Each structure stands twice: as C-alpha cells, then as structure tokens.
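Asker: Here's my sequence, what's the structure:
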Amino acid sequence: MTSNPETTGPALRSAGWFGEGVTGGHMRAFSHRSRLAQLGYEASEYEGKPVIAILNTWSDINPCHMHLRERAEQVKRGVWQAGGFPLEFPVSTLSETFQKPTPMLYRNLLAMETEELLRSYPVDGAVLMGGCDKTTPALLMGAASADVPALFLPAGPMLRGDYRGEPLGSGTDLWKYWDEHRAGRIGDCELAEVGCGLARSPGHCMTMGTASTMTSVAEVLGVCLPGFASIPAVDSAHHRMAARTGARAVELAAQGRRITEFLTREAFEDAAATVIALGGSTNALIHL
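Answerer: The predicted model follows:
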C-alpha cells in the first residue's frame, strides 16, 4: 500500500475542485469544501489525497451483483487504508437475467454514464464494480474514454448447483432441463428441483458465458488484480481482494497511471488468445 500518496506523483486532478486551505484560492473551491463539510467530511479526510470513485452497478434487480453493496464498503476500507478518499457512485445496472429485450442495447449507455461521471466529478482514480455480461465492457469502455487511473473489480462467479448428484451450470442447464421437461423426460417436480439449484448464491454465471469471459478478459488486459476474476463471489478471498483493489487504485492514482497505459495492442492480443483458449463467449468479439 502507499503510505503517503499525497507527497508523490503528479498533481491530483481533484485539487482543481478543492484547492487548499480555508478559501481554496477561488470561490468555487471554497464552495466545494463547504459542501464536503455539509456531507460530514473534515478537510483532513480528503485534502491532498487521491479521490477514488467507486462505480457500483448494484441493484435490487441484479442477482449477479447483489453482494456489491457490501463489497463497496470493503473497497472503501482499502482506499482509506492506502491514504485515499473514497466516494461511491451508483451507476446503471444491466441485468442479463431481467432486462429486455437485451442489455446489449444499454451497454453504451452505461459506458457513456461511466465516462461522464469520471470526467465531471473531482475524481483522481476509480474502481469499477461489475461482472454481469455487459457491465464489464461498458465500465471499461467508459473508463478508457475518460482515461483516468482505474481498476475493475469483478463480481465473481456464483456457486454451482446440484441436481441429483449432477452439477448444474447456470444458463446452460436451464435450456437442457427445460427441453427435457418439454420432451416429457422429467416432470414438474423434477423441473422445480432443477430451478432451486440453477442459481444458488450471489455472483454472475459460473459457466464460461459472457460474464466469466469478460471478467477473464479484464484480468488479462491488466485492469484487474491478478487472480481476481476466478474468485467465487461468496469466498472470503473476494472480500480481501476488494480491499486490495481499493488500495491499488490509490497507488495508481497517486502515480498518475491512466488506464490506457495498460490497454495496449499486446494486451488486446493476449485477451483475444485467452478467449479462444477458454472457449469463451462469442460476444467477446463485439466487446473487444
């Protein structure tokens, strides 16, 4: 962790909003500082520290992200411990499960929202919280356009289910057993039993669909901490990695290392090779 980020690296972008001292040097800075006081913050909590935006796609209608409200608190812990100042922003939630006709229609909307939030607020760095299919590329597209220091925090896969000794894969076995039911090979009771095990914990699909594919892509692109994409959503390691992500975001912001520094041609070639090696979702081509 960075013990004293305010003394190293380039000037902080947020300093243009907050200034220094009581007056901050200009009327707007004075106004911004008074509004932070309205929010309950002391100047010592943010002055000279990297401001880290936590963009959270949690909502009550997105089961893949149902734990991200809690994870945001762990990201904040990491940010505070590393000497930063965290601010959480709610952004659009694109739920593959419920949104019709398809969240692909709204991917660019979230990308634009991400870009404009990061541009228009006093942000020095960002943690992007997503995982459900279209949220990962949308957040990364927006952050790349804004080009601030940013890290992606994947929601993590859910726990696999079980049906009479057979593993259940979210999505894939939905179609398999629905067809078995239509063909009359299993009855209503058996289908209900399958339904209880298809999705049994927080987290995105544990199969190699678009969610797992794109979080793996984020890791290979270098915008996610190594090993994070495969940690199950409910594993205690997920809590710890959330805090580490917050701490690392402070370091990147203090050093002024923008996200496009990592999004090189070689990184994209590695990502494409990873999709092929994993047998990943064909949607990866569209998103990349």
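Asker: mind listing what's buried in the host helix or strand of residue 37?
Answerer: Using DSSP states H and E, residue 37 sits in helix 27-38. Going by neighbour count (16 or more other Cβ atoms under 10 Å), the buried part of helix 27-38 is 29, 30, 32, 33, 36. Yep, even glycine has a C-beta here, placed from its N, CA and C like the rest.
Asker: Closest one of the residues you listed to residue 65?
Answerer: Set against residue 65, the nearest of the buried residues of helix 27-38 by Cβ to Cβ is residue 36 (28.2 Å).
Asker: For that closest one, list the residues it contacts.
Answerer: 18, 43, 46 (Cβ atoms under 8 Å, 6 or more residues apart in numbering).
Asker: Weed out the non-buried ones from the residues you listed.
Answerer: 18, 46.
Asker: and residue 128, which of the three is it?
Answerer: At residue 128 the chain is in strand, as set by DSSP: H, G, I helix; E, B strand; the rest coil.
Asker: helix or strand for the residue nearest to it when sequence neighbours are not counted, which one?
Answerer: Computed as Cβ to Cβ, 6 or more residues apart in numbering, the closest residue to residue 128 that is not its neighbour in sequence is residue 139, at 3.9 Å. If you go by DSSP H and E, residue 139 is part of helix 135-146.
Asker: Quick one: distance of that helix to the chain centre.
Answerer: Relative to the centre of its chain, helix 135-146 is centred 10 Å away, using Cα atoms, centre = their mean, to the nearest Å.
Asker: got the contact list for it?
Answerer: 55, 57, 65, 91, 93-94, 107-119, 126, 128-130, 150, 152, 154, 211, 214-215, 217-218, 221, 223, 259-260, 263, 287.
Asker: From those residues, keep the buried residues only.
Answerer: 55, 57, 65, 91, 93-94, 107, 109-111, 113-115, 117-118, 126, 128-130, 150, 152, 154, 211, 214-215, 217-218, 221, 223, 259, 263, 287.
Asker: Which ones among these lie within helices?
Answerer: Using DSSP state H, the subset of these located in helices is 107, 109-111, 113-115, 117-118, 211, 214-215, 217-218, 221, 287.
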